[in-house]
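J.: The sequence and its predicted three-dimensional model are supplied below.
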Amino acid sequence: MAASKDYYDILGVNRDADAKTIKRAFLKLARQLHPDVSNEPNAEEKFKEVNEAYSVLSDEKRRANYDQFGNPDGPSGFGGDYVDMSDIFGGFGMDDLFSSFFGGMGGSAGARSVRTRGRDMGLNLHITLEEAACGCTKTVAYDRLAPCDDCGGTGVGEGGKVTACDHCQGTGRVVTVQQTILGQMKTQTTCPECGGTGKAVEGACETCGGQGRTPSRETVEVKIPAGIHSGQSIRIKGRGEAGVRGEVAGDLVVTISVSEHEHFQRQGDDLYYILKIDAFEAMVGITHTIAGILADEKVEVVVPAGCQYGQQLVIARYGMPRLHSSARGNLIIAVEVSVPVDLTDEQVQLVRSLLEQQKSQAKEAVQVDDDSDDEMDMDTATSAFRRPFGKKKRPRKGHRK
Ligand SMILES: [Zn+2]
Ligand SMILES: [Zn+2]
């Protein structure tokens with residue numbers, strides 16, 4: 001995106017033009033230049049230019065950046081806490097917006113199917129695990145066909161009026177009769193001229209060309225409840241594509257995608273956390289304080305003496321809040337024990353003497369109690385660790401049956 005282009009020149013407006021003027025100028029040009037309707041050479045290229053100019057000048061922040069720095073992204077990339085411009089899926093880019101805008105009504109093609117109700121639109125919204133845990137409200141900018149400001153969505157210009165559609169005499173349906181070998185076949189279809197509304201506009205609004213809707217950059221507030229999961233969506237009624245001339249609008253469906261967290265791994269409403277300690281800490285036990293998933297939450301993790309590699313410590317109700325509930329999942333600490341490798345000579349001596357002591361103790365124990373089944377917890381612990389994020393498993397301390 002070259003910053004040297006003069007976006008105001010491209011749209012043919014003054015530098016102090018207001019939002020409405022800019023939009024009107026843009027729509028007028030777009031209607032002349034859209035590749036679907038224009039025969040002009042370079043129409044596509046010009047259309048792109050006009051589109052780019054509008055995408056900057058219709059956005060308050062980008063326009064201000066452009067005015068001040070000659071660059072819509074500001075002096076150095078994106079500035080501050082700008083609203084999310086999320087991925088739009090379901091075939092809605094600016095191009096689709098224009099195809100709907102130009103193809104929807106009054107197009108030249110005869111038999112194209114006409115839809116007057118607005119379509120549902122989809123948006124992808126990325127949030128962090130912290131945001132999913134406490135719930136949040138996000139302001140999202142997106143492009144849609146919105147009711148036309150200038151005619152209030154009716155499609156009727158000043159001094160114009162709504163009349164009955166000539167093509168279907170106001171019924172909204174047309175009947176075609178075909179001669180076949182079985183006789184006459186009558187088929188009833190939606191009127192292609194009025195899209196089934198039975199209405200036509202005399203003296204259409206110039207801004208929207210009589211459609212009652214225009215491509216617009218809008219913002220919407222999305223309230224995200226605490227405990228939401230990736231893939232769940234929030235439906236906002238009437239904020240999808242506007243209908244033709246005031247017909248029912250579609251909905252906006254915002255699908256949430258929760259990013260991976262640096263420390264926590266989510267499994268349902270439970271959170272897993274890998275706590276790294278060394279062998280000495282594992283032998284004698286240690287207490288660690290870690291940051292919980294909610295803001296300013298501190299969690300005390302008590303690692304018991306003799307903790308094994310892979311042992312899981314369950315801390316109840318410190319996991320993710322459950323959606324639409326006051327309950328919370330658990331926090332599961334998987335302990336990862338490492339062996340220190342940088343011992344001093346003195347420490348090596350100490351450990352050796354401990355080892356000697358332990359060996360002689362073990363000998364005594366064997367002599368005293370030979371049929372002990374206290375073989376080791378190790379097996380349970382190790383296998384538990386191999387699937388710390390698998391099925392919910394809460395290994396208990398003690399013996400296997
Ligand atoms: Zn009609
Ligand atoms: Zn209008």
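T.: That came in fine, so what should we check first? Ligands and ions are numbered 1, 2, ... in the order given.

J.: CA only for contacts and neighbour counts going forward, please
T.: OK.

J.: Skip the chain neighbours and tell me the closest residue to P215.
T.: L145 (4.4 Å; Cα to Cα, 6 or more residues apart in numbering).

J.: give me the element the one you found is part of.
T.: For L145, the host element (DSSP states H and E) is strand 136-147.

J.: counting contacts, what elements does that strand pack onto?
T.: strand 84-85, helix 94-103, strand 213-224 (3 or more Cα pairs under 8 Å, 6 or more residues apart in numbering; DSSP states H and E).

J.: next helix or strand past the second one?
T.: Next in sequence after helix 94-103, counting helices and strands by DSSP H and E, comes strand 121-127.

J.: tell me what that following strand is packed against?
T.: Strand 121-127 is packed against strand 88-89, strand 252-258, with contacts defined by 3+ Cα pairs under 8 Å, 6+ apart.

J.: now these as a markdown table including mean pLDDT?
T.: Shown next, in a markdown table, are those (pLDDT from 0 to 100):
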| stretch | mean pLDDT |
| --- | --- |
| strand 88-89 | 48 |
| strand 252-258 | 95 |
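
J.: what's the most buried one of the ones you listed?
T.: Burial of the helices and strands packed on strand 121-127 is given as mean neighbour count (mean count of other Cα atoms under 10 Å); strand 252-258 ranks first at a mean of 20.

J.: on that earlier part again, quick one: work out the angle between the strand holding L145 and strand 213-224.
T.: Comparing the axes of strand 136-147 and strand 213-224 via axes from the mean of the first three to the mean of the last three Cα atoms, to 10 degrees yields an angle of 160 degrees.

J.: quick one on the thing from earlier: I'd like to know how many residues surround the residue nearest to P215.
T.: The number of residues packed around L145, counting by other Cα atoms under 10 Å, is 26.

J.: do T197 as well
T.: Number of residues near T197 (other Cα under 10 Å) recorded here: 21.

J.: Please name the residues that touch the nearest residue to G152 once chain neighbours are set aside.
T.: Once flanking residues are discounted, G152 sits nearest to G212: 7.1 Å by Cα to Cα, 6+ apart. With contact taken as Cα atoms under 8 Å, 6 or more residues apart in numbering, G212 is in contact with P147, C148, C151, G152, G153, T154, G155, V156, C205, V244, R245, G246.

J.: hmm, try it at 6 Å
T.: For G212, the contact set (Cα atoms under 6 Å, 6 or more residues apart in numbering) comprises P147, C148, G153, T154, G155, V244, R245.

J.: any idea what sits nearest the first one, other than its immediate chain neighbours?
T.: Leaving aside its sequence neighbours, P147 sits nearest to R213 (Cα to Cα, 6+ apart; 4.2 Å).

J.: Quick check: the one you found touching R144?
T.: No. Counting by Cα atoms under 6 Å, R144 is not a contact partner of R213; they are 9.4 Å apart.

J.: Show me which parts of the strand holding L145 are buried, residue by residue.
T.: K138, V140, A141, Y142, D143, R144, L145, A146, P147 (16 or more other Cα atoms under 10 Å).

J.: Show the low-confidence segments of the stretch 51-200 of the chain, by residue range.
T.: Residue ranges of the stretch 51-200 of the chain with pLDDT under 70: 76-96, 98-100, 102-114.

J.: Spell out which residues of it are next to ligand 1.
T.: C165, H167, C168, G172, C191, E193, C194, G198 (Cα under 5 Å from the ion).
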